[in-house]
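> Pasting the sequence and the predicted coordinates here, then a few questions.
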Amino acid sequence: MGTVAQKSLLERILDWLYPNRCGVCHRFCDDAICQDCKNKWSLIAPPYCLRCGRPFEPRAKASPLCGMCLQGRYKFDYARSVVIYEGVGRETVHAFKFNRKPRLAQPIGELMAEAMKRFLDGDNGLLPSPWQLPSMLLPVPLHPKTQRHRGYNQAALLAEVVGQILDIPVETKILAQTQPMKPQATLVEKERWENVKGAFEVTKPELVRGQIVVVVDDVMTTGATLNECAKALKGAGARQVYCLTFARTISI
């Protein structure tokens with residue numbers, strides 16, 4: 001009992017000495033991110049590609065699918081993102097991913113879970129047939145060297161929050177990155193697709209065979225990383241592969 005009381009006192013002293021700040025704007029705030037920053041996230045809303053979720057300019061698009069999906073380039077079945085990767089949305093991802101702010105996983109993951117539930121309900125009636133309940137969530141893996149340097153896998157933290165809220169198991173040992181890659185953000189589109197080729201493998205194919213799985217990541221830009229993960233999963237026998245990210249880049 002004494003130990004618990006001392007810890008509680010220590011926590012109160014630390015809170016007084018080092019009050020919480022918003023992980024993005026750094027203003028004093030009780031939560032991981034302040035409401036002002038949350039309000040500045042640009043939420044993705046229809047119209048968007050019904051397969052990969054890429055936002056459309058309402059006056060410029062007639063087809064329900066984007067060019068990439070019309071070409072059948074993606075191996076995943078569906079992908080959805082929650083916010084546009086710009087402004088405070090971009091700053092949030094950078095703080096979470098590069099500035100050692102793992103606490104941001106909670107508010108980001110909560111929003112992703114809300115969106116996932118909408119997708120499972122059929123995109124508010126947009127899809128002719130809704131997503132089916134997945135068997136598991138699979139975070140995009142980091143190469144061990146990258147994860148040691150960063151200290152955590154941001155995709156795994158997001159998957160844990162989504163999984164807890166929606167009661168879907170999270171598996172972190174099924175999908176593995178087997179070769180180091182250059183940071184995708186430093187590459188142009190063609191280089192991104194080349195960079196991820198053969199980078200992922202399924203270590204336990206028997207666990208995904210015939211299953212519906214969701215690949216979770218922080219950002220979708222070209223979709224090259226998610227596509228390569230889906231390719232490995234489909235090759236291992238996964239029945240359907242969905243992708244869920246917090247942010248989506250509109251153009252590269």
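Everything's here; your move.

> mind showing which ranges of the stretch 151-252 of the chain have poor pLDDT?
Counting by pLDDT under 70, the ranges of the stretch 151-252 of the chain that qualify are 251-252.

> all strands for the stretch 101-250 of the chain, in order.
Secondary structure of the stretch 101-250 of the chain (DSSP state E, counting those that start in this stretch): strands located at 136-139, 175-177, 200-202, 212-220, 240-248.

> how much does the last one deviate in direction from strand 212-220?
Using axes from the mean of the first three to the mean of the last three C-alpha atoms, to 10 degrees, the interaxial angle of strand 240-248 with respect to strand 212-220 works out to 20 degrees.

> Neighbouring strands of strand 240-248 in the sheet, and parallel or not?
Within its sheet, and counting by DSSP bridges, strand 240-248 is paired with strand 78-84 (parallel), strand 212-220 (parallel).

> Buried by neighbour count: which residues of the helix or strand that comes right after the shortest one qualify?
Reading on from strand 78-84 to the C-terminus, the next helix or strand found by DSSP states H and E is helix 87-98. By neighbour count with 16 or more other C-beta atoms under 10 Å, helix 87-98 contains the buried residues 88-93, 95-97. Placement of C-beta: from N, CA and C, glycine included.

> could I get those as JSON lines with distance to residue 246 and pLDDT?
Putting these into JSON lines (distance: C-beta to C-beta, whole Å; pLDDT from 0 to 100) gives the following:
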{"residue": "88", "distance to residue 246": "12", "pLDDT": "97"}
{"residue": "89", "distance to residue 246": "8", "pLDDT": "97"}
{"residue": "90", "distance to residue 246": "11", "pLDDT": "97"}
{"residue": "91", "distance to residue 246": "13", "pLDDT": "97"}
{"residue": "92", "distance to residue 246": "8", "pLDDT": "98"}
{"residue": "93", "distance to residue 246": "7", "pLDDT": "97"}
{"residue": "95", "distance to residue 246": "12", "pLDDT": "96"}
{"residue": "96", "distance to residue 246": "9", "pLDDT": "96"}
{"residue": "97", "distance to residue 246": "10", "pLDDT": "91"}
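
> so what pLDDT did residue 16 get?
pLDDT recorded at residue 16 is 55.

> now residue 4
Residue 4 is assigned 36 on the pLDDT scale.

> again, but for residue 1
Predicted confidence (pLDDT) for residue 1: 37.

> Then the one 10 residues further on?
The pLDDT attached to residue 11 in the predicted structure is 51.

> Over to residue 68?
At residue 68, the pLDDT value in this model is 89.

> what about stretch 29-45, average pLDDT?
The average pLDDT for stretch 29-45 rounds to 95.

> Check which residues of that stretch are buried.
By 16+ other C-beta under 10 Å, the buried positions in stretch 29-45 come out as 29, 32-34, 37-38, 40-42, 44.

> Quick one: end-to-end distance for it.
Its start and end residues considered, stretch 29-45 measures 28 Å (C-alpha to C-alpha, to the nearest Å).

> Could you list the residues in contact with that stretch?
Residues outside stretch 29-45 that contact it (C-beta atoms under 8 Å, 6 or more residues apart in numbering): 20-25, 27, 53, 55, 81-84, 86-89, 91-92, 101, 103-104, 106-107, 111, 248.

> now that stretch, how far from the centre of its chain.
Distance of stretch 29-45 from the chain centroid (C-alpha atoms, centre = their mean, to the nearest Å) equals 17 Å.
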